[in-house]
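Undergrad: need a structure here:
(2 chains)
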Protein chains: 2
Amino acid sequence: MSIDELCINTIRVLSMDAVQKANSGHPGAPMGMAPMAYVLWDRFLKHNPQNPLWINRDRFILSPGHASAMLYSLLHLTGYDLPFDELTKFRQWGSKTPGHPEHGWTPGAEATTGPLGQGFCNGIGMAIAERWLAQQYNRPGYNIIDHYTYAIVSDGDLMEGITSEAASLAGTLQLGKVIYLYDDNDISIEGSTDITFKEDVALRFKAYGWQVLGPLDGNDIQAINNAIRDAQNETRYPSLIICKTIIGCGSPNKQGKCSSHGQPLGVDEVALTRTNLNWQYSEPFKIPQEAINHFRKATDRGKTEQDKWQLLFDSYRVAYPDEYKHLMEDLSSELPQGWEEGLDNLFTDVTNTMATREASGQIINLIAPKIRNLVGGSADLAPSIKTTINDAESFSADCYSGRNFHFGIREHAMGAIANGMTLHGGLIPFVSTFLVFYDYMCAAVRLSAFMKQGVIYIYSHDSIGVGEDGPTHQPIEQLMGLRMVPDLVTIRPADATETVEAWRIAIKNRNNPTALVFTRQKLPVIDRQSTAPASGVRNGGYILWQSSHEPDIILIATGSEVHIALEAGRLLDEQGIASRVVSMPSWELFEAQSAEYRDSVLPRHIKARISIEAGLTFGWERYVGNDGIAIGIDRFGASAPYRVLYQQFGLTADRMVSEAHKLLKNNK
Amino acid sequence: MSIDELCINTIRVLSMDAVQKANSGHPGAPMGMAPMAYVLWDRFLKHNPQNPLWINRDRFILSPGHASAMLYSLLHLTGYDLPFDELTKFRQWGSKTPGHPEHGWTPGAEATTGPLGQGFCNGIGMAIAERWLAQQYNRPGYNIIDHYTYAIVSDGDLMEGITSEAASLAGTLQLGKVIYLYDDNDISIEGSTDITFKEDVALRFKAYGWQVLGPLDGNDIQAINNAIRDAQNETRYPSLIICKTIIGCGSPNKQGKCSSHGQPLGVDEVALTRTNLNWQYSEPFKIPQEAINHFRKATDRGKTEQDKWQLLFDSYRVAYPDEYKHLMEDLSSELPQGWEEGLDNLFTDVTNTMATREASGQIINLIAPKIRNLVGGSADLAPSIKTTINDAESFSADCYSGRNFHFGIREHAMGAIANGMTLHGGLIPFVSTFLVFYDYMCAAVRLSAFMKQGVIYIYSHDSIGVGEDGPTHQPIEQLMGLRMVPDLVTIRPADATETVEAWRIAIKNRNNPTALVFTRQKLPVIDRQSTAPASGVRNGGYILWQSSHEPDIILIATGSEVHIALEAGRLLDEQGIASRVVSMPSWELFEAQSAEYRDSVLPRHIKARISIEAGLTFGWERYVGNDGIAIGIDRFGASAPYRVLYQQFGLTADRMVSEAHKLLKNNK
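TA: Coordinates of the predicted model:
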């Protein structure tokens, strides 16, 4: 057996054994993909297992995350900090080898994958970040940022719509350093891919503007080698290398069948597979010394590669001190000094009315010149959402240093690409669409949160305030939906001044995603002379205004409805009912405060409470309690001018006042 | 001006005027698409405006729903029950002409469109339903079901991933009666489509297995005519006709520009456009008599077409009385007599343990032989979700009467295609994936609810009970997310017997979608001798079991956690604490009950309440109140065997018991 074959079979056997021991998992994909992964990792991948965060490493993504056993095998074999023990604890509580790769948990897992298509798109985002940093910071003779983004992708990845979105964009952007290997094994869980997927993948990717190589024999090491070389040589177009593989390759009775996909091969078949592969060892998890020696050469190669790069980088530091400083700043999560300057005084004219999306646009343009690596854009709605950075170029094949991103009408890929950008490092991306279209991309947002990526999501047109476009464009349940995602911070500011605070929080929140929720319609700028300062946003909820007496009732609102609550509060005050108006732009931030603070805003003894929000009442029980009233919208919206809708749906100060009277009467 | 030009300009002017009067909307698309829509409606579309529900009509979908003004113009002009007045009330409260077409509200609006890509997929679903009914019911000489599905689709539709998914499937299924006209106007909101969408659309659709015609001049009536004819002649492949159009065509200063996309042209430009189009009338909304005469011929043609068909159908009734009866039954929402037979006695063995997904599979196979038009499948997870109808064929290009659908790994399109199937009529479709992948398809589910379509959504693997696959595959917030969608009924049964009830409700719920939420893991079958009957599911929540004394505490649970609550209840009872266990499989159904019933299950005076659910606690405040405790999971999951996870996440009877003690102590 050649050393190559030995190494490939080592991956196969380790993967098969891990799944067998866990009695759960996916042996088929690792066994089929092993040769392509081996060739890539052995001969091409530039990485330093002892420093998985080296910025100029090649990125490798395993988009079909269910093949995680293969990734863990590779990580262990090439010397990452993933001890042998962990391989044997595959899929167990607390192990570093969970069912699907988890970024931030297992060293070398560049992205959390499993939900199909996401990894494909993350890679496109990484390649975008690479090109952006390269164009910003590389100088003649100093290709400081210069690496490939590799991925293995599967039939399932290619069927998912999100992949189409990203592939089309990657072709348009001519991301030539993207090299994807397609594990074309003709098998899906329900059987042959022919039953659902007869398309000509090669032709489809050519249509997107990709170089397509193969189909080649996925067990032919030389062919894989040559194809990756050809892909590297094509600098203008992203490359897809089609590798015809056999799922479960090596298993005499299960290879080529879906029975090898999602369950252990079984003890007997594992034994037969060992024989079939001419494997010398009968005990599980045995790694031949020759194989480990060969794989561990990668450790040395990686160190050498990084050392070489470090020398270059050291002299770059001398030659280009400013660029060096800026690059280091971009790569760290540090924000440049003074980036907040001017924010406090941006919106002081209380005679003004302004949509929060408009305020957001002004804020972006105030901070963008200071935060060099703040980049972003929209799924074809920039003029509506006000996300354009003035005086900046568009990111395009002709201008990789552009800061305005055009994602096309591709919300889902936009989210996953943004994840790739932050996973790569160096950029602070914001992406935007209408709030109702959060539905198109929520799977990517969930992964931002799970991977703890500081992506800034901008969702405007946040309610029936959308008006005439009607119910298809009016979010109802989406705002509450955002609040439900663990580790996502959602902020719905009430006016321009709260929008400033919201942006401050989002920019500082580098280790979690933030969702900023903005109105289409104009809103007054709250007069902070007669109310509390907007800095209260940092606490999630705060007392915006109250009567001079101890309040009889608390009115709680978010966003555009804060103005209605303020009006109602003042009306009640005139009627002799002492009221408190609480602005509650962020539930997550409010929940993160001390119980003492929360009780000071919403004292337990004041049970007369009314909330108002132009969305579901579902969930508001948390703050209005058993005795309170939640005013909102528990049906789909309607098409009409927004003022008409607010009246028709009963989102008015008069309604609040009348509910307050009822409530106080009942509670007496 | 020829009559064709006059009619086309009538559409343009009416659309432009409607937008101008509403002072909101999208004039550009209608003006660009008017010729292709006119040729299609004038020369090809087989429909009867006076009977918009004629089953064998051609279907027409306007996928870019923002071009609604054009659709409304066509509907009015061809004689649908859409009075002239409504055109002038475009986008106003209560009008039949909302911002985007709404199915079920405006006669002739075959689908609610606006969220891009959905209409494209709905059409594929309609074409599937057409083929299915045709193969089931047509007989030699009796092509009772035989119509085309047309759509106009836009750049935005083609960029959305959902479209790729459906297009690839449509090619695989060889849906030759799909004819789509692509409004290729090179313009998106952010500018030229070149900035994001340089792909070769023709090549891409050829790769999917479509016939691609054009590009042709979108103002060339004869070319459009010939292309539609060629598309009809190609019976094996779906057809995409690429029409190069000019957005805002006719507006001298705004045509070809994004400024004509999303806002009125303006009074001056409207006037200039009239002149430019040689329009004879200066007042808005003027319809030339010649034009209306010409369009109304469609009314007569439609009547003639349907009369001809009715004659055929009448003799079919005589020749094939059984087929006739069955077809009529399928097309109505009536369920065949006796369809519920055997359900009551399906799961009586209380020594059995069974996942609810497994129970669901058995139920499907019990009722499928009786309900002929129950069809469905999965996004490549049928073996896991147990959705296969035994002894039935797969729906494929070779077998359009198949009842097992293979959607591929395309959750989003699956949902939208199911919507198309019910919109067409004749089928009761169920579609399925893992609950966590609801995130990939929620935009389509929302439209099911908004369009009131009786699609049955099956979501299995509904919690951390997924186990080793880990957090990427473990839903946390998705269950609560389903509950938040207006007009969607979500049911999470506790065992096999509740699963029977859940299916009963779903099958009967023909005018709204239902989401059925099932476990991966095995569960005991509840012994109904010592507890209340499972028919309580119909009330959404019911008293499953209680101590013999008036309860001190109420334990509320859903799905797999009902067993934990039952165990806790009995433990508490042994400890002398009287408890009540409420099974709450459907919040929506519970909320629909009388206040009296709800109070009887959850009496107001019993404030000691604990809920348990393997998902977010968010929202449970509604039922446990200010003084209660919600046990759940407010973080992402983990990878480990599921029993370990239940322990680690504290979802145990012991935890419930200890919380109960604390609660009762505090409340004293």
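Undergrad: how about stretch A:657-668: buried residues?
TA: For stretch A:657-668, a neighbour-count test (16 or more other C-beta atoms under 10 Å in any protein chain shown) marks A:657, A:659-660, A:663 as buried. All C-beta atoms are positioned from the backbone trio N, CA, C, and that covers glycine.
Undergrad: in helices, which of the residues you listed appear?
TA: A:657, A:659-660, A:663 (DSSP state H).
Undergrad: need the residue closest to the centroid of chain A.
TA: Geometric centre of chain A, nearest residue: A:Ser448, 3.1 Å, by C-alpha atoms, centre = their mean.
Undergrad: burial count for A:Pro524?
TA: Residues lying near A:Pro524 (other C-beta atoms under 10 Å in any protein chain shown) number 16.
Undergrad: ok, it - contacts?
TA: When contacts are counted by C-beta atoms under 8 Å, 6 or more residues apart in numbering or on different chains, A:Pro524 touches A:350, A:352-353, A:495, A:563.
Undergrad: A:Ile128 too?
TA: Neighbouring residues of A:Ile128 by C-beta under 8 Å, 6+ apart: A:173, A:175, A:395, A:417, A:420-421.
Undergrad: please save the CA atoms from the strand or helix carrying it in PDB.
TA: Element membership of A:Ile128 [criterion: DSSP states H and E] is helix A:118-137. C-alpha atoms of helix A:118-137 as PDB (Å, rounded to 0.1, in the frame of the first residue of the first chain):
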ATOM      1  CA  GLN A 118     -24.200  27.600   4.700                       C
ATOM      2  CA  GLY A 119     -20.600  26.400   4.500                       C
ATOM      3  CA  PHE A 120     -20.500  27.000   0.700                       C
ATOM      4  CA  CYS A 121     -21.500  30.600   1.300                       C
ATOM      5  CA  ASN A 122     -19.200  31.100   4.300                       C
ATOM      6  CA  GLY A 123     -16.400  30.300   2.000                       C
ATOM      7  CA  ILE A 124     -17.500  33.000  -0.400                       C
ATOM      8  CA  GLY A 125     -17.600  35.500   2.400                       C
ATOM      9  CA  MET A 126     -14.100  34.500   3.500                       C
ATOM     10  CA  ALA A 127     -12.800  34.900  -0.100                       C
ATOM     11  CA  ILE A 128     -14.400  38.300  -0.200                       C
ATOM     12  CA  ALA A 129     -12.700  39.300   3.000                       C
ATOM     13  CA  GLU A 130      -9.400  38.000   1.700                       C
ATOM     14  CA  ARG A 131      -9.700  40.100  -1.500                       C
ATOM     15  CA  TRP A 132     -10.700  43.200   0.400                       C
ATOM     16  CA  LEU A 133      -7.800  43.000   2.900                       C
ATOM     17  CA  ALA A 134      -5.400  42.100   0.100                       C
ATOM     18  CA  GLN A 135      -6.400  45.100  -2.000                       C
ATOM     19  CA  GLN A 136      -6.400  47.400   1.000                       C
ATOM     20  CA  TYR A 137      -3.100  46.300   2.500                       C
END
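Undergrad: partner strands of the helix or strand following it and their direction?
TA: Once the chain leaves helix A:118-137, the next helix or strand it forms, by DSSP H and E, is strand A:149-154. Partners of strand A:149-154 in the sheet, by DSSP bridges, are strand A:59-62 (parallel), strand A:178-184 (parallel).
Undergrad: including mean pLDDT, could these go into CSV?
TA: Shown next, in CSV, are the strands paired with strand A:149-154 (pLDDT from 0 to 100):
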stretch, mean pLDDT
strand A:59-62, 98
strand A:178-184, 98
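Undergrad: got TSV for those, with distance to A:Asp220 and mean neighbour count too?
TA: Converted to TSV, the strands paired with strand A:149-154 look like this (distance: least, C-beta to C-beta, whole Å; neighbours: other C-beta atoms under 10 Å in any protein chain shown):
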stretch	distance to A:Asp220	mean neighbour count
strand A:59-62	21	27
strand A:178-184	13	27
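Undergrad: export these to a markdown table and tack on distance to A:Met584?
TA: Below are those laid out as a markdown table (distance: least, C-beta to C-beta, whole Å):
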| stretch | distance to A:Met584 |
| --- | --- |
| strand A:59-62 | 39 |
| strand A:178-184 | 43 |
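Undergrad: helices of the stretch 551-668 of chain A, residue ranges please.
TA: Counting by DSSP state H, counting those that start in this stretch, one finds helices in the stretch 551-668 of chain A at the ranges A:561-574, A:587-591, A:595-601, A:621-624, A:642-648, A:653-667.
Undergrad: how far away from the center of its chain is the fifth one?
TA: Taking the mean C-alpha point of helix A:642-648 and that of its whole chain, the gap between them comes to 35 Å (C-alpha atoms, centre = their mean, to the nearest Å).
Undergrad: buried residues in that helix?
TA: Residues of helix A:642-648 classed as buried: A:642, A:644-646 (neighbour count, 16+ other C-beta under 10 Å).
Undergrad: chain B next: which of those are close?
TA: Residues of the buried residues of helix A:642-648 in contact with chain B (C-beta under 8 Å from any C-beta of the partner chain): A:644-645.
Undergrad: and the buried residues of helix A:642-648, which is closest to chain B?
TA: Minimum distance to chain B across the buried residues of helix A:642-648 is 5.0 Å, recorded for A:Val644 (C-beta to the nearest C-beta).
Undergrad: which intervals of chain A have sub-threshold pLDDT?
TA: Along chain A, segments meeting pLDDT under 70 span A:667-668.
Undergrad: which one's the longest helix in it?
TA: Looking across chain A with DSSP H, the single longest helix is helix A:289-319.
Undergrad: same for it, what does it pack against?
TA: Helices and strands touching helix A:289-319, by 3 or more C-beta pairs under 8 Å, 6 or more residues apart in numbering or on different chains; DSSP states H and E, are helix A:3-22, helix A:68-77, helix A:321-331.
Undergrad: element containing the residue of the stretch 251-400 of chain A found nearest chain B, please.
TA: Of all residues in the stretch 251-400 of chain A, A:Asp380 sits closest to chain B, at 4.9 Å by C-beta to the nearest C-beta. A:Asp380 belongs to no helix or strand when assigned by DSSP H and E.
Undergrad: burial count for it?
TA: 28.
Undergrad: so for stretch A:345-363, what gets flagged as buried?
TA: Neighbour-count burial for stretch A:345-363, counted by 16+ other C-beta under 10 Å, picks out A:347, A:350, A:354-363.
Undergrad: next one: stretch A:4-18
TA: Buried, per 16+ other C-beta under 10 Å, within stretch A:4-18: A:4, A:6-18.
Undergrad: over to stretch A:260-271?
TA: Across stretch A:260-271, burial judged by 16+ other C-beta under 10 Å covers A:260-266, A:269-270.
Undergrad: now, these that are in helices?
TA: Per DSSP H, these map to helices at A:269-270.
Undergrad: how about the residues of the stretch 401-550 of chain A near chain B?
TA: Residues of the stretch 401-550 of chain A lying near chain B (C-beta under 8 Å from any C-beta): A:406-410, A:412-413, A:436-437, A:439-440, A:442-443, A:446-447, A:449-450, A:467-473, A:476-477, A:480-481, A:483-487.
Undergrad: and the strands in the stretch 151-300 of chain A?
TA: For the stretch 151-300 of chain A, the strands defined by DSSP state E, counting those that start in this stretch cover A:178-184, A:187-188, A:191-192, A:211-217, A:239-244.
Undergrad: can I get stretch A:347-365 as PDB, trimmed to CA atoms?
TA: Listed next in PDB are the C-alpha coordinates belonging to stretch A:347-365 (Å, rounded to 0.1, in the frame of the first residue of the first chain):
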ATOM      1  CA  PHE A 347     -29.600  64.600  16.300                       C
ATOM      2  CA  THR A 348     -30.400  67.500  18.500                       C
ATOM      3  CA  ASP A 349     -33.000  69.300  16.400                       C
ATOM      4  CA  VAL A 350     -36.200  68.100  18.100                       C
ATOM      5  CA  THR A 351     -38.400  69.900  15.500                       C
ATOM      6  CA  ASN A 352     -37.100  67.400  13.000                       C
ATOM      7  CA  THR A 353     -38.900  64.200  12.000                       C
ATOM      8  CA  MET A 354     -36.900  61.300  10.700                       C
ATOM      9  CA  ALA A 355     -37.300  57.600  10.000                       C
ATOM     10  CA  THR A 356     -34.800  55.600  12.000                       C
ATOM     11  CA  ARG A 357     -33.600  54.100   8.800                       C
ATOM     12  CA  GLU A 358     -32.700  57.600   7.700                       C
ATOM     13  CA  ALA A 359     -30.900  58.300  11.000                       C
ATOM     14  CA  SER A 360     -29.100  55.000  10.600                       C
ATOM     15  CA  GLY A 361     -27.800  56.200   7.200                       C
ATOM     16  CA  GLN A 362     -26.500  59.300   8.700                       C
ATOM     17  CA  ILE A 363     -24.800  57.400  11.500                       C
ATOM     18  CA  ILE A 364     -23.200  55.000   9.100                       C
ATOM     19  CA  ASN A 365     -21.800  57.900   7.200                       C
END
